[in-house]
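**Student:** would you be able to build a 3D model of this:
(one chain, ligands or ions: 1)
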Amino acid sequence: MVSSKTAPKTSKPRNTKTPPTILAVAFSGGLDSTVLLHATVKAHGANNVYALHVHHGIQKEANQWQQHCQAIAKKLKCHFDTQNVKLNKNSNIESQARELRYQALYEMCEKHQINDLLLAHHLDDQAETVLIQLMRGAGVAGLAGMPPVKTNKTNRANKAKNTKETTINIWRPFLNMRRQELEAYAKEHRLTWIEDPSNQDESYRRNAIRKTILPALEKQQVGATENLARSAKHLAQAQELLNQLADIDLGLIETKEGLSKTNLIRLYKTNQARASNALRRWLNKQQLSYPSEERLTAWWQELQQSRVDSKLQWEHDQQLIRLWRGHLSITQNINTQANEQSGGEWTFKKVPANSRKPGIALDRFEKAKQKGLINTMAREGGEKFKVDAKRPRKSLKNLYQEANIPPWQRNAPLLYIGEELVAVAGIGISADWQTTDGTRISPEWLTNV
Ligand SMILES: Nc1ncnc2c1ncn2[C@@H]1O[C@H](COP(=O)(O)OP(=O)(O)OP(=O)(O)O)[C@@H](O)[C@H]1O
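**Tutor:** Numbers count the residues shown, from 1 in each chain. Purely as a prediction, here's the structure:
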């Protein structure tokens, strides 16, 4: 136990390389994150700390809270930033608020080039999470609760905006501390914080667990709260082992085209639990959530029934999982699918002098550019193209098939100079325009997803 005299450890950050590390604290203005901000500023220096607040706009007091947070940051002399998010009142407010909150916090971290974000979750929060997961019938991963540290790459939504991928470490330095310890610290340092009235509303499951269920469990078993959090640690270890097993299995199933259906089904037939474990891990590694048991069962059925050349397509977590040519792969965000043709851009890079790579002669290209002749057009069907001067022109359809380009990657806009088709993504440069001599540029289609 840590006495209230001791500042709660906000120990970060062992694996950071270049001091001074700038830390961000997710600051709601509530008791826990107020203690976290105060302790972090004390330990790391105000100039190295950002307080980040998300304005949800759900409560009528939201503006006051934002002002309060800004005032506290000013008093502590640390940096402050805030972002508003807009909730859709028609869907689950709690989970939506959480998702948008993380999104906003990551965006603010990216904006200030911060790689370490601290959250004020504590041991009581962990115990509540374990109970909630138990009630939902979660598996090992869910029952492992919140990890003390987790590294996140900024998500696919950001990637689609063509921003650089950032790594953000999420730290929960209070995960071993009880709520009472934080309260004692706050009193000792005369901190002021916001009491969110909705924390009293027991129609929210988490509040009911905190106010009624955990105290009842404590009556039955002293230390029940700490024990629940301890179980979470055991299960986190068990999950680690499951991940290691999945990685061994994926080593045999995963290829550069995706997951081999044949090998996946082979594993499924010898050991269903192991195959599901591998599939879940594969999704998780690509930052997709675990599918429900019901969904997973449906996928297995479809996969088993599919023929060798079948095409399947599942929507999951706003992504598409596709089976094509015997491999499962994750593709486009369904939100950007309608926009497939603009899901990327043509870039023009100079070919290095010592390279044998073909390109378009720079002076020819520049002339065309000055005349405004360079343009792109969507594929209409029936286009013919010749990359190899010694071979006849072929239809794009044939060329795509020969090059094994999956159907959903065949929609990149075609590059024209005037009326002439000069480059096709994944295929190459027209024989009439390509050269391997002199200063030249290479047109390349870069996808955002
Ligand atoms: N609006 C917000 N802006 C910034 N960070 C937030 C916000 N809401 C929550 N957080 C962060 O997420 C953590 C967990 O959220 P949770 O809803 O459990 O906390 P809270 O009860 O709102 O506030 P606190 O943890 O400060 O008492 C908080 O400790 C805080 O670090």
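**Student:** who in this structure is up against the ligand?
**Tutor:** Counting by C-beta under 6 Å from any ligand atom, the chain comes close to the ligand at 26-28, 30-33, 52-54, 56, 101, 119-121, 125. Using the backbone N, CA and C atoms, a C-beta is placed for each residue, glycine as well.
**Student:** put the alpha carbons of stretch 141-154 into PDB.
**Tutor:** What follows is stretch 141-154, C-alpha atoms only, in PDB (Å, rounded to 0.1, in the frame of the first residue of the first chain):
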ATOM      1  CA  ALA A 141      -8.900 -11.300 -23.200                       C
ATOM      2  CA  GLY A 142     -11.900  -9.400 -21.800                       C
ATOM      3  CA  LEU A 143     -11.400 -10.800 -18.200                       C
ATOM      4  CA  ALA A 144      -7.800  -9.600 -18.300                       C
ATOM      5  CA  GLY A 145      -9.300  -6.100 -17.900                       C
ATOM      6  CA  MET A 146      -7.200  -3.000 -18.700                       C
ATOM      7  CA  PRO A 147      -3.500  -3.400 -19.200                       C
ATOM      8  CA  PRO A 148      -1.100  -1.200 -17.200                       C
ATOM      9  CA  VAL A 149       0.600  -0.300 -20.500                       C
ATOM     10  CA  LYS A 150      -0.400  -0.800 -24.100                       C
ATOM     11  CA  THR A 151       1.100   0.500 -27.300                       C
ATOM     12  CA  ASN A 152      -1.300   1.700 -29.900                       C
ATOM     13  CA  LYS A 153      -0.600   2.700 -33.500                       C
ATOM     14  CA  THR A 154      -2.900   5.500 -34.500                       C
END
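**Student:** how near is the residue in the stretch 201-350 of the chain that the ligand sits nearest to to residue 200?
**Tutor:** When distances are taken as C-beta to the nearest ligand atom, the stretch 201-350 of the chain reaches nearest to the ligand at residue 206, 7.8 Å away. Distance, residue 206 to residue 200, using C-beta to C-beta, to the nearest Å: 12 Å.
**Student:** just residue 359 next, same as before
**Tutor:** 67 Å.
**Student:** of those two, give the one with the bigger neighbour count.
**Tutor:** In terms of neighbours (other C-beta atoms under 10 Å), residue 359 is the more surrounded of residue 359 and residue 200; the figures are 23 against 11.
**Student:** setting aside sequence neighbours, what's the nearest residue to that one?
**Tutor:** Leaving aside its sequence neighbours, residue 359 sits nearest to residue 440 (C-beta to C-beta, 6 or more residues apart in numbering; 3.1 Å).
**Student:** the one you found bridge partners, please.
**Tutor:** Counting by DSSP bridges, residue 440 forms beta bridges with residue 361.
**Student:** count of residues packed around it?
**Tutor:** 23.
**Student:** find the closest residue to the ligand in this protein.
**Tutor:** Closest point on the chain to the ligand, by C-beta to the nearest ligand atom, is residue 30, at 2.5 Å.
**Student:** please name the residues that touch that residue.
**Tutor:** Residue 30 is in contact with 120, 193-196, 199, counting by C-beta atoms under 8 Å, 6 or more residues apart in numbering.
**Student:** quick one: it and residue 310, what's the gap?
**Tutor:** In terms of C-beta to C-beta, residue 30 sits 52 Å off from residue 310.
**Student:** equivalent analysis for residue 368, please.
**Tutor:** For residue 368, the distance to residue 310 - C-beta to C-beta - is 44 Å.
**Student:** so those two - more neighbours on which side?
**Tutor:** residue 368 (19 against 14).
**Student:** need phi/psi at the more buried one.
**Tutor:** In terms of degrees, to the nearest 10, the main-chain angles of residue 368 are phi -60, psi -40.
**Student:** against residue 63, how distant is the residue nearest to it when sequence neighbours are not counted?
**Tutor:** Counting by C-beta to C-beta, 6+ apart, residue 368 lies nearest to residue 417, which is 4.7 Å off, once chain neighbours are set aside. Taking C-beta to C-beta as the measure, residue 417 falls 55 Å from residue 63.
**Student:** of those two, which one has the most company?
**Tutor:** Between residue 417 and residue 63, counting by other C-beta under 10 Å, residue 417 is the more crowded of the two (21 against 12).
**Student:** make sure the more buried one is actually in contact with residue 373.
**Tutor:** Yes. Between residue 417 and residue 373 there is a contact under C-beta atoms under 8 Å: 5.1 Å.
**Student:** helix, strand or coil for the residue of the chain positioned farthest from its centre?
**Tutor:** Largest separation from the mean C-alpha position in the chain: residue 390, at 46.5 Å (C-alpha atoms, centre = their mean). Following DSSP: H, G, I helix; E, B strand; the rest coil, we place residue 390 in the coil state.
**Student:** which parts of the stretch 1-150 of the chain are strands?
**Tutor:** Taking DSSP state E, counting those that start in this stretch as the criterion, the stretch 1-150 of the chain carries its strands at 23-26, 49-55, 79-84, 116-118, 149-153.
**Student:** my bad, the stretch 201-350 of the chain
**Tutor:** So, for the stretch 201-350 of the chain - with DSSP E, counting those that start in this stretch - the strands run 254-255, 258-260, 312-316, 319-324, 327-333, 344-350.
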